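**Student:** Fold the following for me, if possible:
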Amino acid sequence: MKRIGITGTIGAGKSLASSLLRERGYDVLDADSQVHELYKNCKELRAKLSAAFGQECLTEEGVNRKFFAGLIFGDANARKHLEGIVYPYLTQAVRDFFDGNSGDAASAKPRFLEAAILSRVPEIVGMLDEIWVVDAPEATRLQRLIARGMEAEDAKRRILDQAGVCDIALFLGKNLRTIENKEGIQNLERQLDSLLAE
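**Tutor:** Below is the predicted model:
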């Protein structure tokens, strides 16, 4: 079974690519959704977050997103501290996903991991056979984020925060494929189907 990572900066369209893969019958783990599930259900992780950042960082549904957004976008050290706590749990969840149903007849089909900041977790990159980078021009990504309801300045800040996270130099030794997502869904589908047919 091939293990493929789908990455791309915010607004590039990696989630759309993932949803198209699911429509085609492929298993895709969304790292962001997995982290939020861990925030809500992993007692050990919640205890570590509370000890590191205070009880106010937690809610019944997971974490206080405004608290962390304000913290990590303004303080690179706080972001690294948070990642250092969370990523080992995410890494194990990804390993479990890739190892699941290994004796199943469908196990020959590739499995996909969608992750925006894949390059920040080298342990996960090491599990992957191939990485598909979904890309779009910065102006296009900015327009998409604003269309989602994000304030322009917030969108620019998030784009800046993720600058360089998909640099090919971060994935040395991996088979990299670039998917251009600037010309609409039909073009995106054609590229995905071409890659899946290989």
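**Student:** okay, and for this structure, where does confidence drop off?
**Tutor:** 101-107 (pLDDT under 70).
**Student:** Grab the nearest non-local neighbour of the residue nearest to the spatial centre of it.
**Tutor:** Central residue of the chain (CA atoms, centre = their mean): residue 115, 1.6 Å from the mean position. Nearest residue to residue 115, sequence neighbours excluded (CB to CB, 6 or more residues apart in numbering): residue 31, at 3.8 Å. Placement of C-beta: from N, CA and C, glycine included.
**Student:** can you check residue 64 too?
**Tutor:** Residue 64 sits nearest to residue 57 (CB to CB, 6+ apart), 5.5 Å away.
**Student:** again, but for residue 97
**Tutor:** Nearest residue to residue 97, sequence neighbours excluded (CB to CB, 6+ apart): residue 29, at 4.6 Å.
**Student:** need the contact list for the one you found.
**Tutor:** By CB atoms under 8 Å, 6 or more residues apart in numbering, the residues touching residue 29 are 93-94, 97, 111-114.
**Student:** so where do the strands sit in the chain?
**Tutor:** Using DSSP state E, the strands of the chain run over 3-7, 27-30, 58-59, 62-63, 111-114, 130-135, 175-180.
**Student:** hmm, who's touching the last one?
**Tutor:** Strand 175-180 is contacted by residues 8, 17, 129-136, 168, 187-188, 191-192, 195 when judged by CB under 8 Å, 6+ apart.
**Student:** That strand pairs with which strands?
**Tutor:** In the sheet, strand 175-180 lines up against strand 130-135 (parallel) (DSSP bridges).
**Student:** ok so, going back, return the residues in contact with the residue nearest to residue 115.
**Tutor:** 90, 94, 113-116, 118.
**Student:** One more pass at 10 Å, please.
**Tutor:** Residue 31 sits next to 5-7, 87, 90, 93-94, 97, 113-118, 121, 124 when contact means CB atoms under 10 Å, 6 or more residues apart in numbering.
**Student:** Which strands or helices does the top helix by length along the chain pack on?
**Tutor:** Secondary structure of the chain per DSSP state H: the longest helix is helix 76-99. Applying 3 or more CB pairs under 10 Å, 6 or more residues apart in numbering; DSSP states H and E, one finds that helix 76-99 makes contact with strand 3-7, strand 27-30, helix 31-41, helix 43-53, helix 65-72, strand 111-114, helix 122-125.
**Student:** Thanks a lot, see you next time.
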